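Engineer: When you get a sec, could you give me coordinates for this:
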Amino acid sequence: MLAAAVQQLQRCPFVTAVNPGPNGNGATTPKPAKPVAPHRTDIPDPEVMARVLGEVARALDRAALAYAVIGGIASAGYGRPRWTHDIDILVRPEDAARALAILEGDGFTTELTDHAWIYKAFKYGVMVDVIFRSCGGIHLDDRMAERVVERELWGTRVKVVPPEDLLIMKAVIHDELGPRHWHDAIGLIAGGKLDWSYLKMRAYRAPRRILSLLIYAHSLDLYVPNDVIQYLFEQVYGT
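Structural biologist: Numbers count the residues shown, from 1 in each chain. Alright, predicted model coming up:
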């Protein structure tokens, strides 16, 4: 499991690698923690996962720090039930160090894992990935932040990434070792609650991958507007 995670980290195709550095807000830079493995549990207790998710959300909300829940928890919240071994949150690159400091102040053990894209926090045996630059260079930008959805997950009100951005992230990160991401994206299409105009605008992140996903969804008789497929086809191959 850990080896696969390391391979995923090495494969992730970043557009740029940005060290968020000091945020200038007086936050203390979190200290490196022990290696990841001693903190991890492969199958965390659901009640403990819910407790940690609530503590993360409340800590960041109190500090008025913008974030969005992503990953398997977000996918499940949008209608594709599945379990996940950790909690993934997305923050602005310039807020990454502050976010980790906030969690450290709330009793989490923290780790400056990789200045290019991810830090980690741990509590009660649950791992929280604090991601500030996902595969393909995707990050929490103004457009995404404006459309973050507040909803109840596991008994806690949290901020969740817009489904269209989650679909793009899932399509981009999909590979041989992570087929679940492709099916998470298909689940979002099957849910039928996407803003196709917004998705079309955001698909510049990975037009070929999104086009292939939408054509595959068509093959499953899922609804995808023809004009979206036509637009992406023209973006990739020309008129």
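Engineer: what does the domain assignment say about the protein?
Structural biologist: The chain breaks down by automatic domain parsing into domains covering 11-161, 164-239.
Engineer: what would those look like in CSV with mean neighbour count and mean pLDDT?
Structural biologist: For glycine as for every other residue, the C-beta is placed from the backbone atoms N, C-alpha and C. As requested, those are arranged in CSV below (neighbours: other CB atoms under 10 Å; pLDDT from 0 to 100):
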stretch, mean neighbour count, mean pLDDT
domain 11-161, 18, 83
domain 164-239, 17, 94
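Engineer: what kind of secondary structure is the closest residue to residue 129 other than its chain neighbours in?
Structural biologist: Distances taken as CB to CB, 6 or more residues apart in numbering place residue 88 nearest to residue 129, at 4.7 Å, with adjacent residues excluded. When classified by DSSP: H, G, I helix; E, B strand; the rest coil, residue 88 comes out as strand.
Engineer: now residue 88, which residues is it bridged with?
Structural biologist: Beta-bridge partners of residue 88, counted by DSSP bridges, are residue 70, residue 129.
Engineer: Please verify my assumption that it contacts residue 68.
Structural biologist: No: assessed by CB atoms under 8 Å, residue 88 is found out of contact with residue 68, at 9.5 Å.
Engineer: what sits in contact with each of these two?
Structural biologist: Shared contacts of residue 88 and residue 68, defined by CB atoms under 8 Å, 6 or more residues apart in numbering, comprise residue 74.
Engineer: And the residue most central in space within the chain, how far from residue 163?
Structural biologist: Nearest residue to the geometric centre of the chain (CA atoms, centre = their mean): residue 70, 3.3 Å. Look at residue 70 and residue 163: by CB to CB, to the nearest Å, they are 11 Å apart.
Engineer: With residue 45 instead?
Structural biologist: Distance from residue 45 to residue 163, by CB to CB: 28 Å.
Engineer: Ok, residue 194 next?
Structural biologist: Counting by CB to CB, the gap from residue 194 to residue 163 is 6 Å.
Engineer: same deal with residue 238?
Structural biologist: 29 Å.
Engineer: Check this structure for its longest helix and report it.
Structural biologist: Longest helix of the chain, by residue count under DSSP state H: helix 46-62.
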